[in-house]
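> got a sequence here, can you model it:
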Amino acid sequence: MTRTVKFYHEQTGLLLSHTLTASNERDVGPNTPAGHKAIDVPKAGLDHLSQRVDVATGAVVDYQPPQPSDDHEWNHVTKRWDLNHAALERLHLANERRLRIDTLTKQKPDLVGDVLLDKPGALAKLRAADTEIELLRAQL
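The predicted model follows:
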């Protein structure tokens, strides 16, 4: 008979991420990490990120891990920490700045060529691009 187990820490009840499927009951013990115990995985599965074992009772209970940072908020539907709106906005703005830096950087060889060919206003455009890149980098 096949047995599928997860392992949990004996003191904290925290589940490890990996699962062991053993074709023989005798294979579970030797594959159990030190300081851990095996628990059978129900058909619905076990989620090591939002569940743990109550070490006093052996029951699987909901678990909310520590908040990674002040930029995260708990999502009760997915049972995960998500970045909050303000953090997402900062990431979006930083990505926009990086894209603009990339665009300006790709234009620079043409601008340098225009400067070398002494085209009118080319040096001013190159300087403006450099200035904008510096300002955007400072805002990252």
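
> what's the domain layout of the chain?
3-63, 85-138 (automatic domain parsing).

> which one of the ones you listed lies closest to residue 76?
Relative to residue 76, the nearest member of those by Cβ to Cβ is domain 3-63, separated by 10.1 Å. The way it works is simple: take the backbone N, C-alpha and C, and place the C-beta from them, glycine included.

> can you give me the end-to-end distance of the closest one?
One end of domain 3-63 sits 25 Å from the other (Cα to Cα, to the nearest Å).

> am I right that residue 119 is in a strand?
No - counting by DSSP: H, G, I helix; E, B strand; the rest coil, residue 119 falls outside a strand, being coil.

> what is the burial count for it?
Other residues lying near residue 119 total 12 when counted by other Cβ atoms under 10 Å.

> pretty sure residue 137 belongs to a helix, no?
Yes - read with three-state DSSP, residue 137 is one of the residues of a helix.

> so what's it closest to, chain neighbours aside?
Spatial nearest neighbour of residue 137, excluding adjacent residues (Cβ to Cβ, 6 or more residues apart in numbering): residue 101 at 6.6 Å.

> what kind of secondary structure is the one you found in?
helix.

> who touches it in this structure?
133, 136, 137 (Cβ atoms under 8 Å, 6 or more residues apart in numbering).

> just the buried subset of these, please.
Listed as buried from the contacts of residue 101 are 133, 136; burial here means 16 or more other Cβ atoms under 10 Å.

> let me see the ranges of the strands in the protein.
Assigned by DSSP state E, the strands in the chain fall at 3-9, 15-22, 36-40, 51-53, 60-62, 72-75, 80-83.
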